[in-house]
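Participant: how would this look folded up:
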Amino acid sequence: MTNVYSEKNFQHIQCDLEKGVGKLILDRAEKHNAFDEVMISELITALDLFAQDKNCQMLLLKANGKNFSAGADLNWMRKQAKMDFEQNLTDANELARLMHDLDKFPKPTLVQVNGAAFGGALGLICCCDIAIANTRASFCLSEVKLGLIPAVISPYVVRAMGNRASRRYMLTAERFTAETALQLQVIHEIDDDLDSASQPIIDALQANSPQGMDRCKKLISHLEGGEINSDTLAHTSDLISRIRVSEEGQEGLNAFFEKRKPNWAQANTTELGAK
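Facilitator: Predicted coordinates:
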């Protein structure tokens, strides 16, 4: 484990960086990796570290123990029940920040889902670019059973499974299987050997242009509204023009024409602007 991560003395997570893969591991197996304010804060810190680490090419999110995450920690929920509105708002904003930071993470993200993934855990999964689950995986948006709603995670869950499916599973709080999650596009694959299933994806991601993948994520986010108008056309034309003349764009094109593998490490990324 690298010093920058081990020095943080995380209580509820583990972090490691191996061969360009940043590993972010939920590590409260005895509590089924339930969320509390400590875990949320640690996850935010770890995401920031990985985002800034030039040696980190992608992020792998996984969990120790039998279950990915049981959702909210009971003791944390008891604290929330005693908080006033302002305290609850501050608390909710932290979870919202975690979801946003993972969703907008500048590098590819892959999540391995083992066992149960309830509540906020489903939000984390839907914030990741790619999701693989084992056959034991199960999912649930159980908030309405407690008189609550899956508010903070809803933008990501609804985006992943769609409005129609969200109406059913948010309203009924039904538990659904990995097969159903696959049909709903919450996950992409089912495999009991999560590491073996992940490796071809990791290899594919690490072969690609870091700048290109970052810009792809931003482009997809920009297009989420689905409207195609003059601004959309101008934005996409501007973006491809800028990336063609960038260092990585030039390296990729020249490597293709010269029939060699591109050397992304030596291609100094040119700032493409905020567009």
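
Participant: how near is the closest residue to H32 other than its chain neighbours to G119?
Facilitator: If the residues on either side of it in the chain are set aside, H32 comes closest to A70, at 3.8 Å by C-beta to C-beta, 6 or more residues apart in numbering. In short, each C-beta sits where N, CA and C put it, glycine included. When C-beta to C-beta, to the nearest Å is applied, the distance between A70 and G119 equals 8 Å.

Participant: Over to F85?
Facilitator: F85 is 21 Å from G119, where distance means C-beta to C-beta.

Participant: More neighbours: which of these two?
Facilitator: Taking neighbours as other C-beta atoms under 10 Å, F85 and G119 compare with G119 leading, 22 against 7.

Participant: what's the more buried one sitting at in phi/psi?
Facilitator: Torsion angles at G119 (phi, psi; degrees, to the nearest 10) stand at phi 50, psi -120.

Participant: so where does L219 fall, helix or strand?
Facilitator: With elements taken from DSSP states H and E, the one containing L219 is helix 210-222.

Participant: contacting residues around that helix?
Facilitator: 57, 104, 106-108, 129, 205, 235-236, 239, 243, 246, 248-249, 252, 264, 267, 269, 272 (C-beta atoms under 8 Å, 6 or more residues apart in numbering).

Participant: Run a quick check on G162 versus L184, I expect a contact.
Facilitator: Yes: the pair formed by G162 and L184 meets the contact definition of C-beta atoms under 8 Å, at 7.4 Å.

Participant: So which of the two has more stuff around it?
Facilitator: Here G162 and L184 are compared on neighbour count by other C-beta under 10 Å; more neighbours surround L184, at 19 against 12.

Participant: Can you tell me the closest non-neighbouring residue to that one?
Facilitator: Here the nearest residue to L184 in space, its sequence neighbours aside, is M161; by C-beta to C-beta, 6+ apart that works out to 4.2 Å.

Participant: Which of the contacts of helix 210-222 are buried? Put it as a ChimeraX command.
Facilitator: The following ChimeraX line selects those of the contacts of helix 210-222 that are buried, judged by 16 or more other C-beta atoms under 10 Å:
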select :57,106,107,108,129,205,239,243,246,248,249,252,264,267,272
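
Participant: count of neighbours near the residue nearest to E37 when sequence neighbours are not counted?
Facilitator: Nearest non-adjacent residue to E37, counting by C-beta to C-beta, 6+ apart: W76, 6.2 Å away. Neighbouring residues of W76 were enumerated by other C-beta under 10 Å; the total is 17.
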